[in-house]
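Undergrad: sequence and predicted model, in that order:
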There are 2 protein chains.
Amino acid sequence: MDFKRLKYFQTVVEEGAISSAARRIPLAQPALSRQLLLLEDEVGTTLLTRSRHGVRLTAAGESFYRDTRRLLGEFEQAKRNARRIADG
Amino acid sequence: MDFKRLKYFQTVVEEGAISSAARRIPLAQPALSRQLLLLEDEVGTTLLTRSRHGVRLTAAGESFYRDTRRLLGEFEQAKRNARRIADG
DNA sequence: CAATGTTACGATACACGTAATCATA
DNA sequence: TATGATTACGTGTATCGTAACATTG
């Protein structure tokens, strides 16, 4: 599991569609679609419902989105903490 | 950044040496050494001091070890939360 | 048929293992 | 010279982009 995959998921949720998220990342749409399927496979449940108009979070997806958004922030903080201690 | 890389770091800290951590993971010693260098590069600071007897955490490494150990637990919890909501 | 998402497939990048090298008690 | 870490290099797997296909308002 790469943090990259979680960031992709965050972007898709924020954009409400895989296509526009792919443009924003940037990444080809099929590559992003695959990354989301792999993420759902690793988590073990469906996180998004797909439709003609884009994607919507499932209840499980809502939970996972909140949890991982916090997590990504904490990881950045962990790196900052380490650098701050090292640099003085 | 892969979670795998953080888990490798955890194991190295617990073992106190790259060589024994590599046996435990399992992974070839050079591969593990490279992963640690890549991790330090991504974090932006030295996390371990190397010696003939193994490795020791720097002050920055201590901080990063604590932070990421917590993070890894929280990630597992995030997955469990999602599955619980989906299944239950 | 237009805008979305997925599947197929070939090319590239990254992580691995083996072998060689460096460092130190 | 024995133990532990790093560098070099070839190989395999995973990710990417392009192209083709599927779905639906």
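TA: Done, it's in.
Undergrad: just give me the residue closest to the centre of chain A.
TA: For chain A, the residue sitting closest to the mean C-alpha position, by CA atoms, centre = their mean, is residue A:9 at 2.3 Å.
Undergrad: using the three-state scheme, assign that residue.
TA: helix (DSSP: H, G, I helix; E, B strand; the rest coil).
Undergrad: nearest residue to it in space, please, no chain neighbours.
TA: Distances taken as CB to CB, 6 or more residues apart in numbering or on different chains place residue A:39 nearest to residue A:9, at 5.8 Å, with adjacent residues excluded. Placement of C-beta: from N, CA and C, glycine included.
Undergrad: also residue A:49?
TA: Excluding the flanking residues, the one nearest residue A:49 by CB to CB, 6+ apart is residue A:56, at 5.0 Å.
Undergrad: pLDDT score assigned to the residue of chain A found nearest DNA strand C?
TA: Minimum separation of chain A from DNA strand C (CB to the nearest atom of the strand) falls at residue A:30, amounting to 2.8 Å. As summarised for this prediction, residue A:30 has a pLDDT of 97.
Undergrad: so which bits of chain A are right by chain B?
TA: A:1-4, A:42-47, A:58-61, A:63-64, A:67-68, A:70-71, A:74-75, A:77-79, A:81-83, A:85-87 (CB under 8 Å from any CB of the partner chain).
Undergrad: ok, the residue nearest to residue A:9 touching residue A:47?
TA: Yes - using CB atoms under 8 Å, residue A:39 is in contact with residue A:47, at 6.9 Å.
Undergrad: got any residues that touch both of those two?
TA: Shared between the contact lists of residue A:39 and residue A:47 (criterion: CB atoms under 8 Å, 6 or more residues apart in numbering or on different chains) are residues residue A:9.
Undergrad: so which helix or strand takes in the residue nearest to residue A:9?
TA: Here residue A:39 is covered by helix A:29-43, with elements defined by DSSP states H and E.
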